[in-house]
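*Asks:* Below: sequence and its predicted model.
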Amino acid sequence: MTRVAVVGAGIVGLSAAVCIQEHVPDAQVAIFADRQDVATTSDGAAGIFHPDCVGADNQADLKQWIADSAEKYWHAWRTKDPVETGIFEISGYSVSNHDLKMVADPVFHEHCRNYRRLEGAELDAVGGGPWRYGAFKTTLITEPRIMMPDLFNQFLGNGGQLVQMKLESLAPLTSGQWDAIVNCSGLGARNLVSDHSMYPIRGQVMRVRAPWMKQFYFGEDDAYILPNAELVVVGGTRQKNNWSLELCKEDRDRFVDKCAKMVPGIRETCKEPVREWVGLRPGRPTVRLEEEALAYGTDRSIPVVHNYGHSGNGIALSWGCGKHVARLVKDIAQREANRPRY
Ligand SMILES: Cc1cc2nc3c(=O)[nH]c(=O)nc-3n(C[C@H](O)[C@H](O)[C@H](O)COP(=O)(O)OP(=O)(O)OC[C@H]3O[C@@H](n4cnc5c(N)ncnc54)[C@H](O)[C@@H]3O)c2cc1C
């Protein structure tokens, strides 16, 4: 049996925990977290599967994470009830005047449907323009508020345990009770493992009732309108190194203006938001997904698999990264099984 302690109960930790349970024979998995469910950053994300502009040290890994997530989510859409999974198809527009990659990312767009660049009259017809670049595509919403309880139930159903506590370091997990640690602590990694390349990317959004809004819009400067199952997410901001969790009226006015240029009807409904929220994306130049040996005592070490720093793409990449983590944990389990004992 391989005993695995996962730190973090956001979407990244939950996905990794379930992937380990599914792929590592006889794994016994516990999640350690001080925040879960609605208290996580993951809970408030809009959850569109739109993993563009992701930083990764290894492009082959990144392609695999996107492909594995896409496969999982498209399969869920084809075979399961979206009311239970929070995963459903959506079409819409990305437009930009500066950033061609936002509308033409070859790695991500391979996993969209109906992808086409917009030109001429079709591009002119998208509100808020004139636009230089534009694309239409069909992708997925993976709505965390529905998806995370579903994943958590799978985790418990597979025999997993949740330990609610704040860890000041990974030392309490080196007591000999665990064979491997998986670090999915998001922005918490900055203190937990002293990773000072981690920084917050502040995002403010509002959720409004606009049942007529059936398509998504991604515009310039992080203005976006993303329909969820019941409410529509209107946002947003992407402010690096801003730690404030307070709502900011100026930010709200700015993104409502930008969104209303794309879809004028959204302005009225934004006057009565159902919910407003600020979250701090776990920013890092590149996602950290790698194994290292954590030394402790005089001559001992425990393998730690780090899986954090997904910036604005944690929902989209969580399953693919979880599968990568499970492969590494499976290798650790095999190494341990083959270790000579004297
Ligand atoms: C406004 C906004 C919109 C977004 N929209 C999207 C989107 O459409 N698509 C997308 O893919 N992504 C989106 N994101 C990004 C996404 O939310 C993040 O990438 C993702 O939530 C990161 O997940 P995580 O599990 O790593 O972190 P978190 O959800 O923050 O979870 C971290 C976990 O680690 C635990 N933890 C940390 N430190 C400790 C410690 N010391 N001891 C114990 N436990 C600890 C916490 O308690 C928590 O359980 C958005 C983000 C924002 C802010």
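*Replies:* The structure has been received and is ready for your questions. Numbers count the residues shown, from 1 in each chain.
*Asks:* List the contacts of the closest residue to the ligand within the stretch 1-150 of the chain.
*Replies:* Residue nearest to the ligand within the stretch 1-150 of the chain (C-beta to the nearest ligand atom): residue 10, separated by 2.2 Å. For the C-beta atoms, the positions are set from N, CA and C on the backbone; glycine is no exception. Residues counted as contacts of residue 10 (C-beta atoms under 8 Å, 6 or more residues apart in numbering) are 33, 40, 41, 42, 148, 184, 186, 314.
*Asks:* cool, and residue 227?
*Replies:* So residue 227 contacts 90, 141, 210, 213, 214, 215, 216, 233 (C-beta under 8 Å, 6+ apart).
*Asks:* How about the second one, nearest residue that isn't a chain neighbour?
*Replies:* Closest residue to residue 141 in three dimensions, ignoring its sequence neighbours and counting by C-beta to C-beta, 6 or more residues apart in numbering: residue 90, at 5.1 Å.
*Asks:* From the contact counts, what lies against the helix or strand containing the one you found?
*Replies:* If you go by DSSP states H and E, residue 90 is part of strand 87-96. For strand 87-96, the packing partners by 3 or more C-beta pairs under 8 Å, 6 or more residues apart in numbering; DSSP states H and E come out as helix 59-79, helix 100-103, strand 133-142, strand 216-218.
*Asks:* want to throw the ones you listed into a markdown table with mean neighbour count?
*Replies:* What follows is the helices and strands packed on strand 87-96, written out as a markdown table (neighbours: other C-beta atoms under 10 Å):
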| stretch | mean neighbour count |
| --- | --- |
| helix 59-79 | 17 |
| helix 100-103 | 17 |
| strand 133-142 | 22 |
| strand 216-218 | 23 |
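*Asks:* before we move on, back to that, any bit of the strand holding residue 90 sitting next to the ligand?
*Replies:* No. Interface with the ligand: strand 87-96 contributes nothing (C-beta under 6 Å from any ligand atom), its closest point being 11.2 Å away.
*Asks:* averaged over its residues, what pLDDT does that strand have?
*Replies:* For strand 87-96, the per-residue pLDDT values average out at 97.
*Asks:* now the stretch 51-200 of the chain, which segments are flagged as low pLDDT?
*Replies:* Applying pLDDT under 70 to the stretch 51-200 of the chain picks out residues 53.
*Asks:* Whichever residue of it sits closest to the ligand: what secondary structure?
*Replies:* Closest contact between the stretch 51-200 of the chain and the ligand, by C-beta to the nearest ligand atom, is at residue 188 (2.2 Å). The local conformation at residue 188, judged by DSSP: H, G, I helix; E, B strand; the rest coil, is helix.
*Asks:* Isn't it up against residue 8?
*Replies:* Yes. Using C-beta atoms under 8 Å, residue 188 is in contact with residue 8, at 7.3 Å.
*Asks:* Please say which of these two ends up with more neighbours.
*Replies:* Set side by side, residue 188 and residue 8 show more neighbours around residue 8, with 30 against 23, by other C-beta atoms under 10 Å.
*Asks:* what's the more buried one in contact with, if anything?
*Replies:* By C-beta under 8 Å, 6+ apart, the contact set of residue 8 is 31, 32, 33, 183, 184, 185, 186, 188, 308.
*Asks:* For the last one, give me its contacts.
*Replies:* Contact criterion C-beta under 8 Å, 6+ apart gives 8, 12, 183-186, 189, 195, 198, 282, 284, 287-288 as the residues in contact with residue 308.
*Asks:* again, 7 Å this time
*Replies:* Shown in contact with residue 308 (C-beta atoms under 7 Å, 6 or more residues apart in numbering): 12, 183, 184, 185, 186, 189, 282, 288.
*Asks:* now the end-to-end length of stretch 24-44.
*Replies:* 30 Å (C-alpha to C-alpha, to the nearest Å).
*Asks:* Quick check: mean pLDDT of it?
*Replies:* Rounded mean pLDDT across stretch 24-44 is 96.
*Asks:* got the contact list for it?
*Replies:* Residues contacting stretch 24-44 (C-beta under 7 Å, 6+ apart): 1-11, 13, 17, 20-21, 144-145, 148, 160-167, 186, 277, 279-281, 314-315, 326, 329-330, 333.
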